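> Have a look at this fold, sequence not included:
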């Protein structure tokens with residue numbers, strides 16, 4: 001997968017709720033640097049999107065899951081998956 005000029009690595013795909021919703025989510029990683037940042041936030045205003053970009057370490061994200069600061073299932077799954085890979089179990 002190519003996003004802009006960066007190569008992204010696909011990780012896995014999941015259905016949100018098989019048999020009920022056909023939405024499939026693709027999870028991937030992509031390297032970036034501060035030079036890639038084009039704005040403070042994200043989203044398309046014309047679509048009503050207002051996305052805050054929050055950057056934390058993987059360790060901090062795992063701690064935020066433990067304290068209940070991160071409760072979004074997609075984010076929890078991705079953080080746990082990456083944590084296992086970093087620790088050599090995935």
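Right, received. Where do you want to start? Quantities reported herein were computed from a predicted structural model and do not represent experimental measurements. Numbering: from 1, shown residues only.

> Just give me the residue closest to the centre of the protein.
The centroid of the chain falls nearest to residue 75 when counting by Cα atoms, centre = their mean (5.8 Å).

> Quick check, pLDDT for that residue.
Per-residue confidence (pLDDT) for residue 75: 94.

> ok, it - contacts?
Counting by Cβ atoms under 8 Å, 6 or more residues apart in numbering, residue 75 makes contact with 61, 65. Yep, even glycine has a C-beta here, placed from its N, CA and C like the rest.

> helix or strand for it, which one?
helix 73-86 (DSSP states H and E).

> Show me where this protein has its strands.
2-3, 6-17, 21-30, 41-42, 51-52 (DSSP state E).

> Now mean neighbour count, mean pLDDT and distance to residue 65 too, for those, in JSON lines please.
Shown next, in JSON lines, are these (neighbours: other Cβ atoms under 10 Å; pLDDT from 0 to 100; distance: least, Cβ to Cβ, whole Å):
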{"stretch": "strand 2-3", "mean neighbour count": "10", "mean pLDDT": "48", "distance to residue 65": "26"}
{"stretch": "strand 6-17", "mean neighbour count": "12", "mean pLDDT": "88", "distance to residue 65": "17"}
{"stretch": "strand 21-30", "mean neighbour count": "11", "mean pLDDT": "90", "distance to residue 65": "16"}
{"stretch": "strand 41-42", "mean neighbour count": "10", "mean pLDDT": "73", "distance to residue 65": "22"}
{"stretch": "strand 51-52", "mean neighbour count": "9", "mean pLDDT": "81", "distance to residue 65": "18"}
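
> what's the closest of these to residue 59?
Smallest distance to residue 59 across those (Cβ to Cβ): 16.4 Å, for strand 21-30.

> The closest one - which strands sit beside it in the sheet, and in what orientation?
Sheet partners assigned to strand 21-30 using DSSP bridges are listed as strand 6-17 (antiparallel).
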